[in-house]
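Trainee: Next come a sequence and a model predicted from it.
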Amino acid sequence: MLKIFFDASALFSALYSATGGSRQLIIFVKMEKIIGVTSQTVTEELEANIAKFKKISAISLQRLITDYRLLVTEKLTELEIGPFLGMVHPKDAHVIAGGILTGCNYLVTLDRKHLDNPSVKKKVGKIEILSPKEMLKVIYGQK
């Protein structure tokens, strides 16, 4: 079964839009077609940004995690994040660390500037970084 690490941008999109690719992926997690993983570090980052939007609340995030059966690992330590600092922008190293340390095959993100770009993909190599749309193509065998 595919094991996918979700970053904050993908989870935010799943919360904000009921029809987008991120929500479809989360539905697949709930249906147990894929394994969805994130970290407490990611959820804390997301909670800090949620307050800016009236449509979304921290309660919605907790419901998403619980209702859709998303696995959330403990907060990553500086020691765990350290080896990944040179691969990406320092604020995003925890995302790469989380995906790799949890044994995920894929990392789903909408962050093209810091994560979903050729330079980062070349450096990381151990996990495939995709947008939600690209991940859906993999699931449907279209890649």
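Mentor: Happy to help now that I have it. Nothing here was measured: the structure is a model prediction, and the numbers come from that model.
Trainee: I'd say Ile34 and Leu2 touch.
Mentor: Yes - in this structure, Ile34 is within contact of Leu2 by Cβ atoms under 8 Å, at 4.6 Å. C-betas here are computed from N, CA, C, even on glycine.
Trainee: where do the contact lists of those two overlap?
Mentor: Ile139 (Cβ atoms under 8 Å, 6 or more residues apart in numbering).
Trainee: So these two - more neighbours on which side?
Mentor: Ile34 (21 against 15; other Cβ atoms under 10 Å).
Trainee: Now do the contacts for the more buried one.
Mentor: Ile34 neighbours (Cβ under 8 Å, 6+ apart): Met1, Leu2, Lys3, Ile4, Leu25, Phe28, Ile139.
Trainee: Tell me, how many residues neighbour the first one?
Mentor: When you say that, I think you mean Met1. 8.
Trainee: Which residue is the nearest non-sequential neighbour of it?
Mentor: Ile35 (5.7 Å; Cβ to Cβ, 6 or more residues apart in numbering).
Trainee: Low-confidence ranges, the chain, go.
Mentor: Low-confidence segments of the chain (pLDDT under 70): 54-59, 143.
Trainee: can you give me the helices for it?
Mentor: 8-16, 21-30, 40-50, 58-67, 78-81, 93-101, 118-124, 132-139 (DSSP state H).
Trainee: before we move on, the earlier item: the residue nearest to Met1 and Lys133, how far apart?
Mentor: Note on Ile35: its distance to Lys133, by Cβ to Cβ, to the nearest Å, is 20 Å.
Trainee: Dump the contacts of Ile34 into CSV; add distance to Val42 as well.
Mentor: Formatted as CSV, the contacts of Ile34 follow (distance: Cβ to Cβ, whole Å):
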residue, distance to Val42
Met1, 21
Leu2, 18
Lys3, 15
Ile4, 13
Leu25, 15
Phe28, 19
Ile139, 21
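Trainee: Most widely separated two among those residues?
Mentor: Met1 and Leu25 (13.5 Å; Cβ to Cβ).
Trainee: Report how many residues lie close to the closest residue to Pro83 other than its chain neighbours.
Mentor: Computed as Cβ to Cβ, 6+ apart, the closest residue to Pro83 that is not its neighbour in sequence is Ala97, at 7.5 Å. Other residues lying near Ala97 total 23 when counted by other Cβ under 10 Å.
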